[in-house]
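Colleague: Just a sequence and a predicted model for now, questions to come.
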Amino acid sequence: MEDFERKLNRIYGYLERNKYDGMVLGRRDNFSWLTGGEESGVVLNTETGFIYLVITRTKRWAVAMRADIDRAMQEQLLGAGFEPCELDWKSISKEEQAVKLLEGGSIVSDIPIEGAVVDLEGIYSLEYPMTKAELARYEEFGKLCDQILKYTADKIHSGMTENEVKRIFVQQCAQYDIDIDVLLIGSDERILCYRHCTPSDKVVEKTLLISPALRKWGLHANLARIVSIGEPDEKLRKRYDDVCEIQAEIIVASKKGVRFTDIFDLQEKLYLEKGYADEWMKHLHGGPIGYMLTDGAVMFDQERTMNTGQAYEWYVTVSGAKSAELVMNIGDEMKVLSLGGYWPTRQYGSDDKSKVFLPDILIL
């Protein structure tokens, strides 16, 4: 419960600083953050969960329908000091009940609720710095991602379809209780034409991109790996090295106290220097990651700076190539957590200060 108490204290501090009487957490990702990876969702294609947490500096409630409240109290919130607030299908909504519990006080929420201020960015900022337990989970998760990607890649051969690759990958994720929030798998000309290649029945001829967003213990990892059947051609080699060189420079620059807007500006500068000015606006460029999929809004906030104990995903994409890895600031040193010793790596950066190892093109 040490992590839980630490996170509660962050919430109390936030409420005090911003003069709110209570907070409502309705999103699945924020429920996972506070509970150390528990899942509040039942319908899993929505961002909101079936259990709402209502928190003041003196009381806390779990608001849920009768079908969910017992499981919440006996399994997910056991010992956490939440008072159950049970609704049935003829009752008022969970949103209305949350407001009612707070008796007209000033409310902040992570979902739209009438009478409440929505401050998702402010609530997301409470995730950092991550705790030692979260760091240990993230390191284990990163290694699993590398292992699963390598296992899948080793099964690929010419003549397979993208959907056949998908089935291998999904089976491996299921084996390790890893959920898939996004799965992009594209081959050959599809990688050149589309940023988001959802798997199809196209046959893999030469080049394959696997780019998933994975989730375990509530934590996310968004990745990209390229496989070549036989030696890659010169165009692919250059594009891939270019995106990895950009990735390496961004990772080196990601230090405590650096503004996210400065990282954003650096990315644009590097795209221009590499000759990809026309590619800059074709895809988002990442941001902090954790229980949220990606908090890209901070890239436009002049006040937000990077912190220790914070994880990042930088999406570096050009037509035909992509680099995305799970990176974390540990003691103000950047570490690529999604390299677990399975996938071959290549050094990028010109000297010891700028040296970064990133996944290479896997040649089959």
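Modeller: Sure thing, it's come through.
Colleague: Kindly confirm my reading that residue 284 is in a strand.
Modeller: No - according to DSSP: H, G, I helix; E, B strand; the rest coil, residue 284 belongs to no strand; its state is coil.
Colleague: Let's see the pLDDT reported for the spatially closest residue to it that is not a sequence neighbour.
Modeller: In space, residue 284 comes closest to residue 296 once its chain neighbours are excluded; the distance is 5.6 Å by CB to CB, 6 or more residues apart in numbering. For every residue, glycine as well, the C-beta is placed using N, CA and C. The score at residue 296 is 90. That number is its pLDDT.
Colleague: next one: residue 177
Modeller: At residue 177, pLDDT is 97.
Colleague: Ok, residue 354 next?
Modeller: 76.
Colleague: Residue 349 too?
Modeller: 82.
Colleague: list the contacts for the nearest residue to it once chain neighbours are set aside?
Modeller: Leaving aside its chain neighbours, residue 349 sits nearest to residue 355 (4.3 Å; criterion: CB to CB, 6+ apart). Residue 355 is in contact with 248, 347, 348, 349, counting by CB atoms under 8 Å, 6 or more residues apart in numbering.
Colleague: and if you look at residue 283?
Modeller: Per CB under 8 Å, 6+ apart, neighbours of residue 283: 195, 315, 317.
Colleague: got those as TSV, with pLDDT columns?
Modeller: As requested, the contacts of residue 283 are exported to TSV (pLDDT from 0 to 100):
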residue	pLDDT
195	92
315	94
317	96
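Colleague: ok, back up a step: near the residue nearest to residue 284, how many other residues are there?
Modeller: Counted by other CB atoms under 10 Å, the residues lying close to residue 296 total 18.
Colleague: The contacts of residue 355 in helices, which ones?
Modeller: residue 248 (DSSP state H).
Colleague: Give me the mean pLDDT for the biggest helix by length in the chain.
Modeller: Scanning the chain for the helix with the most residues, using DSSP H, yields helix 132-154. Per-residue pLDDT over helix 132-154 has a mean of 97.
Colleague: Now tell me what touches stretch 147-163 from outside.
Modeller: Contacts for stretch 147-163 (CB under 8 Å, 6+ apart): 165, 168-169, 172-173, 176, 178, 185-187, 197, 199-206, 208, 210, 223, 225, 227, 229, 340, 342-343, 362, 364.
Colleague: if you set the cut-off to 7 Å instead, what comes out?
Modeller: 165, 168-169, 172-173, 176, 185-187, 199-205, 208, 210, 223, 225, 227, 229, 340, 342-343, 362, 364 (CB atoms under 7 Å, 6 or more residues apart in numbering).
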